[in-house]
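Peer 1: Have a look at this prediction, sequence included:
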Amino acid sequence: MLKTFDAPKADPVDPAFRRDVLAGLAEPIPAIPARWLYDRRGSELFDDITRLSSYYPTRTETALLDAKMPEIAARVGKGGAVVEFGAGSATKIRLLVDAIAATAYVPIDISGDYLRDSAAQLDADLPDLAVYPVEADFTKTVALPAGIEGMPRLGFFPGSTIGNFVPSSATDLLYNFRATLGTGARLLIGMDRVKPVDRLIAAYDDPEGVTAEFNRNLLTRINRELNGDIPVDAFAHEARWNDMLARIEMHLVATRDVSFTVEGERFSFAKGRSIHTENSHKYGPRGGRLLLLAGGWTPIAEWNAPEDDFALILAEA
Ligand code: AVI
């Protein structure tokens with residue numbers, strides 16, 4: 001049954017978006033945090049990305065969850081509440097809630113519309129599961145609905161979204177998950193592995209151009225929400241592997257000299273200058289576990305996809 005939870009209503013234009021965009025465009029190396037890629041259109045485009053043949057993480061993680069679910073369920077135990085950080089894929093959450101016979105599911109997402117749609121869909125499909133959508137920023141500590149009080153809690157953070165945070169923010173995030181979930185909680189987290197650069201680049205610069213559209217949608221969003229006049233067609237999507245920092249970077253590169261305004265402020269980009277829009281860090285086995293430890297979680301089990309392409313790690317607070 002779908003439960004409503006009184007989360008504070010979001011301002012239609014998030015002041016943090018305005019702040020991040022104006023400050024980010026003015027940086028010597030312009031950068032805008034990746035979380036702003038996910039308005040409604042951005043979330044739809046990301047869904048499309050997860051179905052692309054070159055984008056291996058989603059299907060690899062889903063197959064891993066499917067294959068290892070009996071073992072995962074044996075370690076996690078039955079019942080309780082699954083708290084998902086981000087309203088992600090219905091397929092993955094169904095595998096998990098079914099296998100552990102969860103009583104409640106709490107998806108936390110900043111994108112309210114998307115959250116409500118996916119929660120309503122899950123609620124229709126699984127009427128015995130109590131679904132409590134929470135519209136909130138999961139990078140902060142979130143107050144969980146009273147309905148799950150006293151239930152064992154399993155945090156779920158699939159998709160290698162942890163990779164979208166630089167390590168110092170990733171550890172803050174993990175600490176916040178701990179504060180949100182409380183002592184005794186567990187966390188099941190997906191991490192993408194380092195792999196040959198050609199596979200990584202293909203995953204983030206697909207021939208169909210969906211990732212390019214996803215990246216450029218950020219400019220469309222800025223134009224719409226922040227009274228911008230950015231010529232979107234003057235920016236090209238680029239995916240780069242940064243070997244020193246073990247991450248894929250997405251950039252929007254000016255293909256000609258451009259000048260535009262956002263909220264009345266003028267910005268100029270010479271041809272070739274870019275806006276850095278996303279990082280996607282990849283972790284080796286020890287690096288991944290160390291990150292969890294640095295964020296206050298002790299790894300207790302790990303499952304790896306074939307060729308060590310992707311990992312699921314279970315940790316306890
Ligand atoms: C959501 N996140 C884990 C994706 C990733 O792989 O870093 C976002 C993404 N960006 C481009 N393609 C996918």
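Peer 2: Now that the structure is in, tell me what you want to look at. Worth saying up front: this structure is predicted, and the values here are computed from it rather than measured.

Peer 1: what about the closest residue to residue 29 other than its chain neighbours, neighbour count?
Peer 2: Among residues not flanking residue 29 along the chain, residue 276 sits closest, at 6.6 Å (C-beta to C-beta, 6 or more residues apart in numbering). For glycine as for every other residue, the C-beta is placed from the backbone atoms N, C-alpha and C. Number of residues near residue 276 (other C-beta atoms under 10 Å) recorded here: 19.

Peer 1: Tell me which residues touch residue 276, please.
Peer 2: Taking C-beta atoms under 8 Å, 6 or more residues apart in numbering, we find residue 276 in contact with 29-32, 249-251.

Peer 1: Quick check: phi and psi at it.
Peer 2: Torsion angles at residue 276 (phi, psi; degrees, to the nearest 10) stand at phi -80, psi 120.

Peer 1: about what we covered before: which among the contacts of residue 276 gets closest to the ligand?
Peer 2: Ranked by distance to the ligand (C-beta to the nearest ligand atom), the contacts of residue 276 are led by residue 250 at 6.1 Å.

Peer 1: Any idea what the closest one is bridged to?
Peer 2: Per DSSP bridges, the residues bridged to residue 250 are residue 239, residue 278.

Peer 1: Could you identify the buried members of the contacts of residue 276?
Peer 2: Among these, the ones that count as buried by 16 or more other C-beta atoms under 10 Å are 30-32, 249-251.

Peer 1: Next up, the contacts around residue 111.
Peer 2: Listed by C-beta under 8 Å, 6+ apart, the contact set of residue 111 reads 38-40, 43, 87.

Peer 1: thinking again about what came up before, now render the buried ones among the contacts of residue 276 as CSV, adding distance to residue 262 and pLDDT.
Peer 2: Listed next are those as CSV, based on distance: C-beta to C-beta, whole Å; pLDDT from 0 to 100:
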residue, distance to residue 262, pLDDT
30, 12, 98
31, 15, 98
32, 11, 98
249, 22, 98
250, 19, 98
251, 18, 98
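
Peer 1: Among these, which one sits closest to residue 47?
Peer 2: Of all these, residue 47 sits closest to residue 250, with 17.2 Å by C-beta to C-beta.

Peer 1: Touching, that closest one and residue 200? I think so.
Peer 2: No: counting by C-beta atoms under 8 Å, residue 250 stays clear of residue 200, with 11.8 Å between them.

Peer 1: list residues touching both of those two?
Peer 2: Taking C-beta under 8 Å, 6+ apart as the criterion, residue 250 and residue 200 both touch residue 239.

Peer 1: Please, which helix or strand holds the one residue in the chain that gets nearest to the ligand?
Peer 2: For the chain, the residue closest to the ligand is residue 280, as judged by C-beta to the nearest ligand atom, at 3.3 Å. Using DSSP states H and E, residue 280 sits in strand 274-281.

Peer 1: for this protein, where's the lowest mean pLDDT among helices and strands?
Peer 2: Using mean pLDDT, DSSP states H and E, the weakest-scoring helix or strand in the chain turns out to be helix 112-125, at a mean of 84.

Peer 1: List the contacts of the residue nearest to residue 65 when sequence neighbours are not counted.
Peer 2: Excluding its sequence neighbours, the residue lying closest to residue 65 (C-beta to C-beta, 6+ apart) is residue 95, at 5.1 Å. By C-beta under 8 Å, 6+ apart, the contact set of residue 95 is 62, 65-66, 69.

Peer 1: how about a cut-off of 7 Å?
Peer 2: By C-beta atoms under 7 Å, 6 or more residues apart in numbering, the residues touching residue 95 are 65-66, 69.
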